[in-house]
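Q: Fold the following and give me the result.
(one chain, ligands or ions: 2)
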Amino acid sequence: MRKNKNKRQPTKRKTASQTQKSKRPRSDSPKMTEKDSSELTPFEIFFQKIEKFSKLHMKDRDRVQEILQSMQKAGSKTLQVISDFDMTLTRFEYNGKRCPTCHNILERSDVISSDCKKKLQGLLDKYYPIEIDTTLSVEEKLPLMVEWWTKAHELLVNQKIKKDGLAKAVRDSDAKLRDGYKDFFDHLHEHSIPLLIFSAGIGDILEEVIRQTEVFHPNVKVISNYMDFDESGVLKAFKGELIHIYNKREGALLNTGHFQELRTQTNVLLLGDSLGDLNMADGVQDMENILKIGFLNDKVEERKQSYLDSYDIVLIKDESLDVPNAVIRFLTE
Ligand SMILES: Nc1ccn([C@@H]2O[C@H](COP(=O)(O)O)[C@@H](O)[C@H]2O)c(=O)n1
Ligand SMILES: [Mg+2]
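A: Numbering: from 1, shown residues only. Ligands and ions are numbered 1, 2, ... in the order given. Presented below is the predicted three-dimensional model:
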């Protein structure tokens with residue numbers, strides 16, 4: 001990834017968390033009183049706009065305002081975006097049908113035998129309900145998630161998948177990036193804002209999705225599970241440490257080189273759809289502010305409170321990137 005040439009001088013600027021105590025009460029504060037639009041500041045115009053998104057929920061709107069104002073003051077040269085991939089940058093549903101994850105793209109393609117498809121579907125049916133189960137703790141889920149990923153990867157390796165079959169598998173799939181994806185990727189690229197895509201999916205498939213949609217710009221870096229092919233281009237293993245849904249913190253800490261390169265980008269916009277995604281920014285150095293936007297796609301009622309407690313902004317059953325795009329535009333104006 002390119003190094004950022006616009007190195008900032010360290011400042012003694014206050015972060016949102018430092019200023020927060022001296023300001024208004026944190027929660028249950030009334031919505032901004034409607035003023036004549038000519039009296040509104042650009043921030044108020046922007047904030048009123050995002051509050052109008054019916055799918056947007058916040059537990060503490062004052063806190064969100066403080067983070068956003070602090071990030072805007074710091075300037076877009078201090079910004080980096082860290083995003084999950086499956087069901088965050090990609091759609092969860094389209095025309096009432098579930099959209100595939102990276103694993104599903106491969107598993108449903110013609111590079112996999114029908115017997116293996118059945119086994120992989122069996123794993124999905126068993127483990128996905130565990131992934132989203134609100135009655136189980138992360139500690140209880142963790143070994144089961146490792147089991148899921150390990151078994152699925154073993155089955156994939158046994159299929160002797162050819163590297164040159166991956167592009168077709170993606171082309172033939174129902175994978176779909178969220179509405180507004182082009183604006184998201186292109187705007188970040190135009191403003192030289194680094195985008196880290198941190199995924200427990202399959203890196204080779206993920207890259208192919210963004211390559212085929214023509215948004216794999218040079219500001220994009222991917223951390224994911226990558227396939228290891230032998231000299232004849234046949235899958236023989238997966239490279240490096242396994243990344244699953246609940247070990248993104250460990251994954252982040254293994255990539256210190258990347259975060260060292262971005263040490264002047266101390267303000268983070270984080271996008272995720274799982275509570276495990278909240279740890280994706282754990283490797284960021286000297287973080288000043290982080291705004292966490294979470295997509296809540298499935299089991300909404302059971303999971304709503306935990307998402308509101310963990311993410312600053314929660315987008316419920318929103319298949320678009322409209323809110324992240326509005327935030328990015330505001331921060332780069
Ligand atoms: N065999 C598997 C294992 C995992 N998944 C799904 O992939 C998602 C992880 O990717 P992120 O980009 O979201 O980190 C996760 O939500 C699992 O449900 C799968 O489909 N098959
Ligand atoms: Mg995801």
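Q: alpha carbons only for contacts and neighbour counts from here, please
A: OK.
Q: what residues does the stretch 201-333 of the chain put near ligand 2?
A: The stretch 201-333 of the chain comes close to ligand 2 at no residue, as judged by CA under 5 Å from the ion.
Q: Alongside ligand 1, which residues does the stretch 201-333 of the chain contribute?
A: Within the stretch 201-333 of the chain, the positions near ligand 1 by CA under 6 Å from any ligand atom are G201, I245.
Q: Next, count neighbours for the one residue in the stretch 201-333 of the chain that gets nearest to ligand 1.
A: For the stretch 201-333 of the chain and ligand 1, the shortest gap (CA to the nearest ligand atom) falls at G201, measuring 3.9 Å. G201: 23 surrounding residues under other CA atoms under 10 Å.
Q: Shouldn't it be within a strand?
A: Yes: according to DSSP: H, G, I helix; E, B strand; the rest coil, G201 belongs to a strand.
Q: Give me the nearest residue to it, chain neighbours excluded.
A: Of all residues not flanking G201 in the chain, C102 sits nearest, at 5.4 Å (CA to CA, 6 or more residues apart in numbering).
Q: Return the residues in contact with that neighbour.
A: C102 makes contacts with D86, G201, I202, I205, L206, as judged by CA atoms under 8 Å, 6 or more residues apart in numbering.
Q: what's the most distant pair in the residues you listed?
A: Pairwise distances across those (CA to CA) peak at 11.0 Å, for the pair D86 and I205.
Q: When these two are compared, which one has more neighbours?
A: More neighbours surround D86 than the other of D86 and I205, with 27 against 22 (other CA under 10 Å).
Q: what secondary structure does the more buried one sit in?
A: Following three-state DSSP, D86 is assigned to coil.
Q: wait, isn't it in contact with R98?
A: No: with contact defined as CA atoms under 8 Å, D86 and R98 do not form a contacting pair (11.9 Å).
Q: Helices of the chain, start to end?
A: Assigned by DSSP state H, the chain shows helices spanning 16-19, 42-51, 61-74, 102-107, 114-131, 138-158, 166-171, 181-190, 203-212, 248-253, 256-261, 300-310, 322-332.
Q: Please report how far E214 lies from ligand 2.
A: 21 Å (CA to the ion, to the nearest Å).
Q: Based on its surroundings, how many neighbours for that residue?
A: Neighbour count of E214, defined by other CA under 10 Å: 12.
Q: again, but for I210
A: Look at I210: counted by other CA under 10 Å, it has 17 neighbours.
Q: How about Q305?
A: Counted by other CA under 10 Å, the residues lying close to Q305 total 12.
Q: Thanks a lot, see you next time.
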